[in-house]
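**Q** give the three-dimensional model of this entry:
(one chain, ligands or ions: 1)
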Amino acid sequence: MNTAQGHETPAFQAGPAEVDVAIVGAGLAGTSLATVLGKAGRKVALIDPHLVHHEEFRAEKIGMHEMQAFEKLGLGPAVRPLVTPVTGTHVFRLGQLFERERKWEFGFSYGALVNGMRQALPAQVPLTVGKVAEVSTGPDRQRLVLAGGAVIEARLLVVATGYSEAVRRAIGMERVEESKAHSMSIGFDLAITPRESPYPAIICYARNPAHRIAYLSVFPICNRMRANLFLYRTVAEEWTRAFRENPQAVLCEVMPEVAAQCGNFAVAGPVEVRQVSLTTTRAHRRAGVVAIGDAFWTTCPTPGVGINRVVTDVDRLVSTYIPAWLSTPGMGAEKICAFYDDPVKVATDTAGMRSSIYAKRITTETGLEWRLRRLRNNTARQLMILGRKISRRKELPTPSAA
Ligand SMILES: Cc1cc2nc3c(=O)[nH]c(=O)nc-3n(C[C@H](O)[C@H](O)[C@H](O)COP(=O)(O)OP(=O)(O)OC[C@H]3O[C@@H](n4cnc5c(N)ncnc54)[C@H](O)[C@@H]3O)c2cc1C
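**A** Predicted coordinates:
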């Protein structure tokens, strides 16, 4: 079997049978947690059905806040080589250039990020490739039986299986759909390269709420110019079929103000469409097991809060809870509940969910309240544009009399 680096490795690498923490799911959350715990000298088993995380359209950009969180966790050296930094974004609103945001952001391919971080796992934390066939949890020991028959026993079980339900269901956790098919995200490469792009990165907000589009984000990932379109439609709609068939025509129609800057929206490669639901979890307050990242809640890609939630979970667990839990006997539900009730975690999850709901309502709601809110926001923006034009005119030198 090939690793992400192309080396030959055995198809199955057994982790230690007795560990402090067993982590099921080696996505961003599971791999980050395993790395930090392993470096801290904990005995960790990390289990995932796939040695190499497949290329899929997921998060492709983070901000400085998330990067600083990775640095704080000691993951900066692993993450930094896997991302493409951007130092400024040209923001288009109301059909014109609105502002240049001077802030650091970082673009990446999700699969490459996860695989790169897996390769940076400490030597004492091998990735165990396998499927969990049986799981039992309790106030003292957690027991996993893998499909091949290998048994892993742990004091704590961490479920980091993302959207996947099998392990969560086996434990008794229930997914609650807060907003089904809440939003849609579309990812594709533009035909222009970063060198050919007049701006390092672009964000363009849609002018017309009828388009149900939140915004288009264009940014570099290595030598590609990547585009993420966030909108509120379903995959089954005629609009989506038309977009898949001719993304260039649709984008030129809805965002003509940035067409020239985006190579007239010529698209290179596949158009990837993902529907996302907002979900929370029920029946998760149990002895011995904790769910993190998307295995706990799923938020919307539009406000870009998923990775902040992942790094917050990892940080709260490694900085506070896991060291305390392992320092005393037992792993009762009261220990686990302290994490779910952690004020920083609760605030981060709640803010993520709230911004996911707000972003949709401010874009699509047609009731009076929301139309007034849009009018207020857009009037304030128009005044800012006007104010800037006036001050620019004042700065111009007055022509001297000849
Ligand atoms: C289209 C899209 C765009 C997004 N854009 C953004 C963005 O711009 N900014 C942002 O912050 N967030 C964004 N997100 C959210 C972000 O991608 C997620 O919040 C984050 O990746 C979750 O990481 P995770 O480790 O919890 O889950 P995942 O990365 O899904 O990892 C789950 C892991 O569990 C493994 N697994 C599954 N089942 C089992 C099993 N039975 N046994 C063992 N292992 C198993 C999988 O193989 C996988 O490796 C986006 C999401 C989507 C869908």
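**Q** what residues are up against the closest residue to residue 124 other than its chain neighbours?
**A** Taking Cβ to Cβ, 6 or more residues apart in numbering as the measure, residue 124 lies nearest to residue 38, with 5.7 Å between them; neighbours along the chain are not counted. From N, CA and C alone the C-beta is placed, and that goes for glycine too. Contacts of residue 38 were listed using Cβ atoms under 8 Å, 6 or more residues apart in numbering, and they are 44, 121-122, 124-125.
**Q** try it again with 6 Å
**A** Contact analysis of residue 38 by Cβ atoms under 6 Å, 6 or more residues apart in numbering lists 44, 122, 124-125.
**Q** okay, those in JSON lines with distance to the ligand next?
**A** Supplementary listing: those in JSON lines, determined by distance: Cβ to the nearest ligand atom, whole Å:
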{"residue": "44", "distance to the ligand": "14"}
{"residue": "122", "distance to the ligand": "18"}
{"residue": "124", "distance to the ligand": "20"}
{"residue": "125", "distance to the ligand": "15"}
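**Q** mind checking which of those are in helices?
**A** Using DSSP state H, the subset of those located in helices is empty.
**Q** of those - the most surrounded one?
**A** The most crowded member of these is residue 44, carrying 28 neighbours; neighbours defined as other Cβ atoms under 10 Å.
**Q** pretty sure it sits against residue 21.
**A** Yes - checked against Cβ atoms under 6 Å, the pair residue 44 and residue 21 is within contact range at 5.1 Å.
**Q** show residues contacting stretch 360-370.
**A** Outside stretch 360-370, the residues within contact range by Cβ under 6 Å, 6+ apart are 212, 214, 232.
**Q** ok and the residue in the chain nearest the ligand?
**A** Using Cβ to the nearest ligand atom, residue 27 is the residue of the chain that sits closest to the ligand, at 1.9 Å.
**Q** quick check: beta-bridge partners of residue 226?
**A** residue 189, residue 219 (DSSP bridges).
**Q** residue 114 versus that one, what's the distance?
**A** Summarising the geometry, the distance separating residue 226 from residue 114, computed by Cβ to Cβ, to the nearest Å, is 17 Å.
**Q** the more surrounded of these two?
**A** Between residue 226 and residue 114, counted using other Cβ under 10 Å, the more crowded position is residue 114 (26 against 23).
**Q** before we move on, what SS does the residue nearest to residue 124 have?
**A** Using DSSP: H, G, I helix; E, B strand; the rest coil, the secondary structure recorded for residue 38 is helix.
**Q** mind checking pLDDT for it?
**A** Reported pLDDT at residue 38 in the predicted model: 98.
**Q** measure stretch 279-296 end to end?
**A** Length of stretch 279-296, first residue to last, Cα to Cα, to the nearest Å: 8 Å.
**Q** ok so, going back, can you check which residues contact both of residue 44 and residue 21?
**A** residue 37.
**Q** domain parsing for the protein?
**A** Residue ranges for the structural domains of the chain, counted by automatic domain parsing, are given in the record as 18-84+106-178+279-359, 179-276+363-382.
**Q** which stretch among these comes nearest residue 100?
**A** Across the domains of the chain, the minimum distance to residue 100, taken as Cβ to Cβ, is reached by domain 179-276+363-382, at 8.4 Å.
**Q** now check the closest one, is it near the ligand?
**A** Yes - under the criterion of Cβ under 6 Å from any ligand atom, the ligand is reached by domain 179-276+363-382 at 185, 274, 276.
**Q** my read: the second one touches residue 183, true?
**A** No - with contacts defined as Cβ under 6 Å, residue 274 does not count as touching residue 183, sitting 9.2 Å away.
**Q** looking at the two, which has the bigger crowd around it?
**A** Neighbours of residue 274 and residue 183, each counted by other Cβ under 10 Å, are more numerous for residue 183; the result is 26 against 14.
**Q** quick one: that one from residue 65, how far?
**A** Look at residue 183 and residue 65: by Cβ to Cβ, they are 22 Å apart.
**Q** check residue 378 too.
**A** From residue 378 across to residue 65, the span is 27 Å (Cβ to Cβ).
**Q** now residue 362
**A** 22 Å.
**Q** residues in contact with stretch 89-109: which ones?
**A** In this structure, residues lying in contact with stretch 89-109 by Cβ under 6 Å, 6+ apart are 61-64, 67, 82-88, 199, 201-205, 207, 219-221, 257-258, 381.
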